[in-house]
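Enquirer: sequence? don't have it. structure:
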Ligand code: BGC
Ligand code: CA
């Protein structure tokens, strides 16, 4: 079985390495090669949905970086981006079609983390598979040597968000609005079942309790990463009279943090301390405006860079570990970084 996989992969590498030899030949020939078609690398990019602020940032970065690589390498990189519309069946059909059209590598933002069948499809077709942002189940990743995951560690995102709140709590009594020594919070959660929703939620709070802070959860609900849904939930909490009692709003991402801010502003309630994750452009504006206390940068550009480096290394037939920092042969981890108004000030001279 293993031998079959290995020989398949080396076949793929040979084919792909050919792409690069041709690219080099075309470059060496210089202007004289006007009629030579540049070699083409075809990359299928399957998004769980196009309607997601952070995920569409990654896709845009990938597109931009691919154009740069084309210039540098004298080749074409065709990205076929498809929108899974949050439906795993749709995404599987799209992957079938991308494979059928002969793509050289797949970058997949999987709809349902447990859909291991996707790995089997790519393995059978001998197409390297790079998951990103939505992390498949660890055991499934072992089903194929050319399955990779590029993303940030969900636990780290939660810990950094928790630390932002911890620092504010320790900075003085202002955060404890009712002066009872307990931190009253609400939690806006991402999609149920998403590693980032589960672990950010758990570790943001754990960071506070581990540091000895007494906390009280007033309410929590999922808003599926969406600003509109978060605004509706927060509005409901405000209508239930929670406005004065909420000291902190934890949101698993920035869009939901902004949704909560929308609701407080609309209800003309004083803003509590609100924290998000991602550091999207509108979130950084809200940090600068003093409405969002802080966020945790989710490195979308770093994810795109690592995916492209992996694709190019695999296509080149070289060891992917030489192109990216590979953990356990399958994982590329991008670091998170906390961002508050202080960090923005430091940047602007
Ligand atoms: C991001 C969210 C995004 C989600 C999609 C998370 O890592 O923080 O903004 O909606 O991924 O999978
Ligand atoms: Ca309190």
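Expert: Okay, I see it. Quick caveat, the model's predicted, so the values are computed rather than measured. Ligands and ions are numbered 1, 2, ... in the order given.
Enquirer: what does the stretch 51-200 of the chain have sitting close to ligand 2?
Expert: Listed as neighbours of ligand 2 in the stretch 51-200 of the chain under the rule C-beta under 5 Å from the ion: 176, 178, 180, 182, 184. For the C-beta atoms, the positions are set from N, CA and C on the backbone; glycine is no exception.
Enquirer: among these, name the buried ones.
Expert: residue 184 (16 or more other C-beta atoms under 10 Å).
Enquirer: helix or strand: which one has the residue in the stretch 51-200 of the chain that ligand 1 sits nearest to?
Expert: Nearest to ligand 1 in the stretch 51-200 of the chain, going by C-beta to the nearest ligand atom, is residue 54, at a distance of 3.6 Å. Assigned by DSSP states H and E, residue 54 falls within helix 53-73.
Enquirer: C-terminal to that helix, what's the next element?
Expert: Downstream of helix 53-73, the next assigned helix or strand under DSSP H and E is strand 76-83.
Enquirer: would you mark the buried spots in the following helix or strand past that next one?
Expert: Going down the chain from strand 76-83, the next helix or strand is helix 88-100, by DSSP H and E. For helix 88-100, a neighbour-count test (16+ other C-beta under 10 Å) marks 88, 90-92, 94-95, 98-99 as buried.
Enquirer: and stretch 288-295, by the same measure?
Expert: Buried residues in stretch 288-295 (16+ other C-beta under 10 Å): 291-295.
Enquirer: equivalent analysis for stretch 219-236, please.
Expert: Buried residues in stretch 219-236, counted by 16+ other C-beta under 10 Å: 219, 222-227, 229-231, 233-235.
Enquirer: from those, which is closest to ligand 2?
Expert: Ligand 2 has its nearest neighbour among the buried residues of stretch 219-236 in residue 219, at 14.8 Å by C-beta to the ion.
Enquirer: that's a strand at the closest one, yeah?
Expert: Yes - applying DSSP: H, G, I helix; E, B strand; the rest coil, one finds residue 219 inside a strand.
Enquirer: tell me the spacing between it and residue 303.
Expert: Distance check for residue 219 against residue 303: by C-beta to C-beta, to the nearest Å, it reads 32 Å.
Enquirer: report pLDDT for whatever residue of the stretch 201-349 of the chain ends up closest to ligand 2.
Expert: Nearest to ligand 2, among the residues of the stretch 201-349 of the chain, is residue 247, at 5.3 Å (C-beta to the ion). Note for residue 247: predicted pLDDT of 98.
Enquirer: with residue 345 instead?
Expert: Confidence score, pLDDT, at residue 345: 83.
Enquirer: can you get me a residue count around it?
Expert: Neighbour count for residue 345, taken as other C-beta atoms under 10 Å: 10.
Enquirer: secondary structure element holding it?
Expert: Here residue 345, judged by DSSP H and E, is contained in helix 341-347.
Enquirer: please apply the same query to residue 140.
Expert: Assigned by DSSP H and E, residue 140 belongs to helix 138-141.
Enquirer: what's the neighbour count on residue 61?
Expert: Neighbour count for residue 61, taken as other C-beta under 10 Å: 19.
Enquirer: what about the spatially closest residue to it that is not a sequence neighbour, neighbour count?
Expert: Leaving aside its sequence neighbours, residue 61 sits nearest to residue 304 (C-beta to C-beta, 6 or more residues apart in numbering; 3.7 Å). Residue 304: 24 surrounding residues under other C-beta under 10 Å.
Enquirer: who touches residue 304 in this structure?
Expert: Residue 304 makes contact with 58-59, 61-62, 65, according to C-beta atoms under 8 Å, 6 or more residues apart in numbering.
Enquirer: now render the residues you listed as CSV, adding pLDDT and distance to residue 211.
Expert: Below are those laid out as CSV (pLDDT from 0 to 100; distance: C-beta to C-beta, whole Å):
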residue, pLDDT, distance to residue 211
58, 98, 33
59, 98, 38
61, 98, 35
62, 98, 38
65, 98, 39
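Enquirer: closest to residue 43 among those?
Expert: Set against residue 43, the nearest of those by C-beta to C-beta is residue 62 (8.4 Å).
Enquirer: OK, contacts around the closest one?
Expert: Shown in contact with residue 62 (C-beta under 8 Å, 6+ apart): 45, 79, 107, 304, 307-308.
Enquirer: return the subset of those lying in helices.
Expert: Among these, the ones falling in helices (DSSP state H) are 304, 307-308.
Enquirer: okay, these in TSV with distance to ligand 1 and pLDDT next?
Expert: As requested, those are exported to TSV (distance: C-beta to the nearest ligand atom, whole Å; pLDDT from 0 to 100):
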residue	distance to ligand 1	pLDDT
304	14	98
307	15	98
308	19	98
